[in-house]
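In: Sharing a model that was predicted from the sequence below.
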Amino acid sequence: CFHMNPDFAFTSVLKKQLFDITNKLGNITIDDKIIDPIKLLPWYPLECGYKLGADRRQIRRVPELEELHKWLIKHTDNGNITRQEAVSMIPPLALDVQPHHKCLDMCAAPGSKTSQILEIINRSADKPVDQQGVVVANDSDTSRAYMLVHQCRRTFSSQLLITTHKGQQFPALWNENINTFNGYFDRVLCDVPCSGDGTLRKNPMIWGKWAIYSGLSLHPLQLLIAKRGIQLLKVGGIMVYSTCSMNPYENEAVVAELLRSGNSSLELVDVREFIPLFKSRAGLSSWYVLDDSELINKQRLARYDEKKQAKRQRLESISDTKETREIEVNPNDASIESEKPNNESSNPIDLSHIEDPYLRDCIEAGITYYPDFSSVPPSRISKVRKSVFPPSIDEAAIWHLERCMRCVPHDEDTGGFFVAAIRKVSDRIKTNVKEEVVETIDQEAEVEAEALAMDETSKGNNEESLIDTNNESNSKKSSKESGNKPLMKGLSDFKPLDKEIYQKIKSTYKLSDDFDENSLYIREESLSSNSKGPKVVTSDNQQFKTIYYLTLPVRQILQADREQRLKVVTAGSKVFERKLKSNGSAEYRLLQEGIHLLAPYLTTRHVYVTIQDYCNLLEAGLVSFQTLSDNTVKSLNQQFEGVIVLTYNYDQNDVIDQTNLFDLSTISSTELSFHAICWKGTSRSINVMCGKVEIEVMKHKLEALGLLRPKISAPKREVTTVSI
């Protein structure tokens, strides 16, 4: 499945392109089955969600789908569409995000849900700074956090901060509006590590490893992460808790314990009010607590004994000597017969009182049933927590767990998923947000040791990609790094740009006075011993490579980290690159990634070009002055050697087909300005310094506006032959 960005200015063009492709295809036959290549997801807002009739393998190998395959890859790379499982789109929709919100995605990698939230937050980019939003994307695994950088870079957003912390240890941020560490974010997405049994249709290998105790083992970790999310949530804010599991120990049990510990400060919101057309089932209010760990241990021991016995028989067939038997037979080994599960001893329960035939079958199979917490033996209390048990009748009547959403695979032809939206109505949480971090650290060694040992532990496996690097077939595991350790290798400390350096930049590019110099930050590469790329060390002994533009909400988060515990992977947008000259001094070159943020403030090194000139730039890396208009060449001749910005501003008169003008009513002015970073050398030519993806994005927008033209090649020189 995939969705288009509803706020992308040219979504209507994408829909038309997709419609044309599917009309050509019609219904096609793959593996003797007739399929519809593309289906609309009727529950996704503004008709921007689509389901593919063929899987990834079929799309790649079926010739009829080649055009569709190329279209998907192109617009995925450009950030115009995002590939993900259908049910994976539900949690961001359930958050009810508004453009001005401060949002936290606690377990964000690989990032499709983060991108979905960013699409909404990006609407506030042109708003006054006090109305701008921000997204903090966090993941416990540093390598997966860097995957977030790759995934979210396609959105070209400066309103993003990526961090790497264990979710349950995410640092407390100071809320200056209420002078407390309790509650900073308007929205929190808590898509926790889970057993992943809801993905069985896509990952059938999970079934061979599935066990009831998986949910019991993961429940404490999931609860810690969810509690932390609630503590970081503002009063009036919403947290969405989600898993790709159908196990109530990982779902309703966690939600029930949150409501219990919330002391009437939390309430469940019916997710269906945000996604009314999606078919789903109500949450559970009662369930059985079962434990198959003893049965599985016995089965493992039996398999071990079978292997030992088979090996012993092979050896005996080779040699029946006493020595061989003494070496291979261990008197401490248990025989298969003696270790067969004994249901009566394991479950001293009178089955005549068990009315549910399914429960009776479980007990007869050797699975332990606990009617209540008092029946849990002392040896299992650390594993079978009290919070796993269903709520009482009175609690269930107050909490309304039926408001949770259970996504069953056969209702919408999707994977299995669980979603619960929780609103914080007051601040009567029992524990302080800072104290809770200290309290939970002692519990984590045991909790995460179990979670990490689970091969089937997964964050979701619900997100799809055409690119192998984004494949979520790998299981989600918690990071081994402790949340209280100093900055890890590969991380950097963001600090404001030195005033003296800013004055050099301002002098070079003649930045206007209304540019906010406080928005420029550097990341100190010296903090990272294994950072990629050369460190730039200048005569003034400064060490950094890139200058970043950070919006006010992003800077406020860094400032709210009063204890400096926040481990930042990246933030904002790159705007300048520091280059070392032969004399040891440095120059600062503009970067394409952030030029849309700086272009309005540049009063030099900035040339405005015609539409034909701009199209020529996009079609050739090296552009001769002979292909450019006279006014453009005249302006370029007035510029010194070095980086220069070429800008085209939309003009309706430039539209090729004047009878088919694009509706500009929903397009911001920034979408109608196109900027390209170029290098002006000593020859009469300029070199375009834009990446392939960036060029494709600009060409797509120009094409949508009816402006894209073929390039004009430089005239060939006439060769004059002289006869002797």
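Out: Yes, it's here. Numbering: from 1, shown residues only.
In: Tell me who's in contact with the closest residue to Leu258 other than its chain neighbours.
Out: Distances taken as CB to CB, 6 or more residues apart in numbering place Ala226 nearest to Leu258, at 5.7 Å, with adjacent residues excluded. All C-beta atoms are positioned from the backbone trio N, CA, C, and that covers glycine. Residues near Ala226 by CB atoms under 8 Å, 6 or more residues apart in numbering: 190, 192, 239, 241, 254-255, 258.
In: mind running it again at 6 Å?
Out: Ala226 sits next to 190, 241, 254, 258 when contact means CB atoms under 6 Å, 6 or more residues apart in numbering.
In: Over to Ser285?
Out: So Ser285 contacts 396, 401 (CB under 6 Å, 6+ apart).
In: go on, the one 4 residues further on?
Out: By CB under 6 Å, 6+ apart, the contact list for Val289 reads 370, 388-389.
In: re the thing from before, roughly how far does the residue nearest to Leu258 sit from Gln313?
Out: Counting by CB to CB, to the nearest Å, the gap between Ala226 and Gln313 amounts to 52 Å.
In: Of the contacts of Val289, just say which sits nearest to Val97.
Out: Val388 (31.4 Å; CB to CB).
In: my read: that closest one touches Tyr249, true?
Out: Yes. Contact criterion CB atoms under 6 Å: Val388 and Tyr249 qualify, at 5.1 Å.
In: what's the overlap in contacts for those two?
Out: The contact lists of Val388 and Tyr249 share His219, where a contact means CB under 6 Å, 6+ apart.
In: hey, C-alpha coordinates of the helix or strand where Leu218 lies in PDB?
Out: Applying DSSP states H and E as the criterion places Leu218 in helix 212-231. Provided in PDB are the C-alpha atoms of helix 212-231 (Å, rounded to 0.1, in the frame of the first residue of the first chain):
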ATOM      1  CA  ILE A 212       2.000 -17.100  24.600                       C
ATOM      2  CA  TYR A 213       4.900 -16.100  26.900                       C
ATOM      3  CA  SER A 214       6.200 -13.700  24.200                       C
ATOM      4  CA  GLY A 215       3.400 -11.300  25.200                       C
ATOM      5  CA  LEU A 216       4.000 -11.900  28.900                       C
ATOM      6  CA  SER A 217       7.700 -11.100  28.500                       C
ATOM      7  CA  LEU A 218       7.200  -7.900  26.400                       C
ATOM      8  CA  HIS A 219       4.300  -6.600  28.500                       C
ATOM      9  CA  PRO A 220       6.500  -4.900  31.200                       C
ATOM     10  CA  LEU A 221       8.700  -3.100  28.600                       C
ATOM     11  CA  GLN A 222       5.700  -1.900  26.600                       C
ATOM     12  CA  LEU A 223       4.100  -0.600  29.800                       C
ATOM     13  CA  LEU A 224       7.200   1.300  30.800                       C
ATOM     14  CA  ILE A 225       7.400   3.000  27.300                       C
ATOM     15  CA  ALA A 226       3.700   3.900  27.400                       C
ATOM     16  CA  LYS A 227       3.900   5.300  30.900                       C
ATOM     17  CA  ARG A 228       6.800   7.500  29.800                       C
ATOM     18  CA  GLY A 229       4.800   8.700  26.900                       C
ATOM     19  CA  ILE A 230       1.900   9.700  29.100                       C
ATOM     20  CA  GLN A 231       4.300  11.600  31.400                       C
END
